[in-house]
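**Student:** pasting the sequence and the predicted coordinates here, then a few questions.
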Amino acid sequence: MTDRGNGDRLQNLIILDVFLIDIHSQCPMAEPRMSSRPIQSCFQCRKRKIKCNRAYPCAPCMLRGEGGQCREVDRSIVASGKTTVETLDDVLGRLAVLEQTVSKLVSSGDHGKEKEKVKDKEKVRSAIRSSFGVTSTDEDVAMMLEDFAMGHRVNRSRATQDFDVTNNNEDPYTSASPSSGHPLLLLLDPGVNAIARLLSMLPDELRSRTLVQFYFERLEWYSKVLHAPTFISELNILLMQKSNESVGMVRVSFLGVYFMILCLSLHLIEPYVCERIGFDLSTASELSKRMYSAAQACLHYDDFLGAHSLEHLQCILLMGVYQQNLDEADTHWALLGSAIKIAQNLGMSRLGSESDERTYSATWRSLIKRETARRVWWNLIFNDWSHAAAHNGTYSIHPSQNHTGWPANVNDGDLVDDGRLLLCRPMEEYTEMTFSLTRLRFVGLYREIVDEMQAPTGYSFVGEMDKRLEEMVEGVPRHFITDDNSLAIDDGVKGLELTLCLIMGETRRLRLHRPYLFRGYKDRKYVKSREQCIASAQAILDHLKSDDEQSAILLKWWIVLFYGFAAAVVLFIDLCHQKAADDGQSLDQRRAELRQVLDLFKTAEHISVVSRNAIALLEGLLTAEPDLPSKPSRKRGRDKIDDESEGEPFERIVKRMIIDASKNSSSPGSVSGSSSKSSTSPTAIMAPFHIPRPSYKLYPDVMLDGPGLGFGETTMAELAGLLYSSDYGWSMDGFGVHYQ
């Protein structure tokens, strides 16, 4: 059966061949060949791997209607000895070179054309509504009807503003007082004026202005979510309203921000400020807790979840700094998610940049407000991306959904609502925004690292990203050089900013290589990662140890302690792995380095719960290390429950510490708080500081005399008492605050 089938197939091919030859002989397009060389099959037949009758055009091409494409294989290709695939590779290579050349020419073209492209892009708007400008598309109008039907109050208010040109209200989202359904009305006595009660918690005007001045001189650089002149103007209005007993005019949203300014100033206070306002450090610490609780009360009283405003977001971000220092990182992360959604609802994710020359709606008509909103939005992005690794690599703000440009590289004094365009300074020129913009560059790369952790593409990514980080770290100092024409800037603050940026860059490199740190002790392929982790860890600690006064300030911030502790962990891992190979001198040197880190952390022990956590953990690691065997146990057949001697030394120590902590049901911070107390006063621990030259003068330099204040603990569970009780160390007589 098989032989018969093959014979029939062969016979059919012979008949077809003869038939095609007859057709070709009658074709007028055929040209006689004069050459004596063997005729090659045509290109199309070779490509399809079919029999060709070697006439041009050949019969198969004629049958397919492709006679015009039939050609003999190029003799130059045959002579070169290259296959068709090799020749195609050459063509693709030349094509890639041409594409790169064209791309360079396009990128270096006229900037005016780029602006025209941006304008054209603005004309062709997406079906998703924008947060700027008057809506005009039919789809936008249809979605407005849905907003009114579905209860999207913010979008509804924005639409009303866009169509009602007589409405001059620039911020319609803040409620003046709790609505009838406000849950706090279940707790508050209707006869108590809650706003008056909140105002009574403020220190007197002299102390308040001194603390605000300290914040803008020494602390605002870290978060940079405010516009100092605007805040000071609003503060003057608030203090005037308080003195005139105009309680109904007070904006609670601003009051919450004000309370957080006082909270952070008291929490991170320096001795010279304590001396000026007549407080000791313990009193300042207790008062900072009270200011924090008052800020929480303002947020909930003002219904920040239902009535959104930019000031609510500023308050939440400032609260995050304090929460993280108090070991409440999870609280901050949960509140951060709400803040991001509020910001998106306000349109802060679609503000673009000032260079776009957009037309903004009434809500964002103010240049100062737009630029402040960009600062707040990118601060939310920084918090979202920088903490993603600790939350399974998840973050809420995806780059493709972010349509807000970076904040401008300007000083606060450059932001004026005078109708003129904002002139952004060169990125290499130092301004009050330099630190914020630098850390945004680092967190952008860190987000790529987090994405790589979710879906690894190979070890080559580590090398490429390390080069980018290294270049960025080396370029950091250039951004902190100021010329003679620059504004008078506190060199101490600029030094803090530069040091923290360098530490941040080395931490990003450390986190990039740390997944390969353990492999680097066993596989030569990952030795570079091991070496880079150790080098970055030592660089971080060297920056912290380079200036005692500077370190005493930096270590008050939880993020610096986090970076320092991550570096210490790497050095301890190296100590465990090198214990069997290194000599005693090298091990002693590594132990000495870790002891120095421990001493550094103790300088902030009286302020930060995070520092107490780090101290307790590092002390536990150093205590357990001498008892570790030089090599892991290789015994078999042991009970699986008794796994203390199995695994790597570092792993065994950490497991034992976690088990002990769980049995004791206490956090490392609480243990340290009770075990590491000393007779040394907090004042003696802190280094002396000089009074810097103020940038924003709030009040004359005066020494304030007065007794220290004593305040009780206050939590949100005691919110009702916070708002209308009078047992917290001071009383209110009308609007005169009497300190007891």
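**Tutor:** All right, it came through fine.
**Student:** what's near enough to touch Thr404?
**Tutor:** Met348, Ser349, Arg350, Leu351, Gly352, Ser353, Arg374, Trp377, Trp378 (C-beta atoms under 8 Å, 6 or more residues apart in numbering). For glycine as for every other residue, the C-beta is placed from the backbone atoms N, C-alpha and C.
**Student:** and the gap between Lys341 and Arg207?
**Tutor:** Going from Lys341 to Arg207 by C-beta to C-beta, to the nearest Å gives 36 Å.
**Student:** so which of those two has more stuff around it?
**Tutor:** Neighbour tally, Lys341 and Arg207, criterion other C-beta atoms under 10 Å: the higher count belongs to Arg207, 24 against 13.
**Student:** just the helices in the stretch 151-300 of the chain please.
**Tutor:** Secondary structure of the stretch 151-300 of the chain by DSSP state H, counting those that start in this stretch: the helices cover 153-163, 194-200, 205-218, 220-223, 228-243, 252-267, 271-277, 281-301.
**Student:** quick one, the last one and helix 205-218 angle?
**Tutor:** Regarding helix 281-301 and helix 205-218, their directions subtend 90 degrees when assessed with axes from the mean of the first three to the mean of the last three C-alpha atoms, to 10 degrees.
**Student:** need the buried ones from the contacts of Thr404 selected in ChimeraX.
**Tutor:** Selection of buried members from the contacts of Thr404 for ChimeraX, criterion 16 or more other C-beta atoms under 10 Å:
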select :348,349,350,351,352,353,374,377,378
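**Student:** just the contacts of Thr404 now: which is nearest Gln532?
**Tutor:** Within these, proximity to Gln532 (C-beta to C-beta) peaks at Trp378, which comes in at 28.6 Å.
**Student:** for the helix or strand that contains the closest one, name the packing helices and strands.
**Tutor:** Trp378 is part of helix 367-386, with elements assigned from DSSP states H and E. With contacts taken as 3 or more C-beta pairs under 8 Å, 6 or more residues apart in numbering; DSSP states H and E, helix 367-386 sits against helix 310-325, helix 329-345, helix 434-454.
**Student:** export these as CSV, with columns for mean pLDDT and distance to Leu502.
**Tutor:** Shown next, in CSV, are those (pLDDT from 0 to 100; distance: least, C-beta to C-beta, whole Å):
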stretch, mean pLDDT, distance to Leu502
helix 310-325, 95, 21
helix 329-345, 93, 24
helix 434-454, 94, 10
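**Student:** and these as CSV, adding distance to Trp221?
**Tutor:** Listed next are these as CSV, based on distance: least, C-beta to C-beta, whole Å:
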stretch, distance to Trp221
helix 310-325, 12
helix 329-345, 20
helix 434-454, 6
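**Student:** out of those helices, which is closest to Trp406?
**Tutor:** Among these, helix 434-454 comes nearest to Trp406, with 6.5 Å by C-beta to C-beta.
**Student:** relative to helix 367-386, how tilted is the closest one?
**Tutor:** Interaxial angle of helix 434-454 relative to helix 367-386 (the same axes, to 10 degrees): 40 degrees.
**Student:** name the residues that touch helix 434-454?
**Tutor:** Contacts for helix 434-454 (C-beta under 8 Å, 6+ apart): 221-222, 224, 375, 378-379, 381-382, 385-386, 388-389, 393, 395, 399, 406-407, 409, 427, 461, 465, 468-469, 472, 476, 479-480, 497, 500-501, 504-505, 508, 511-512, 515.
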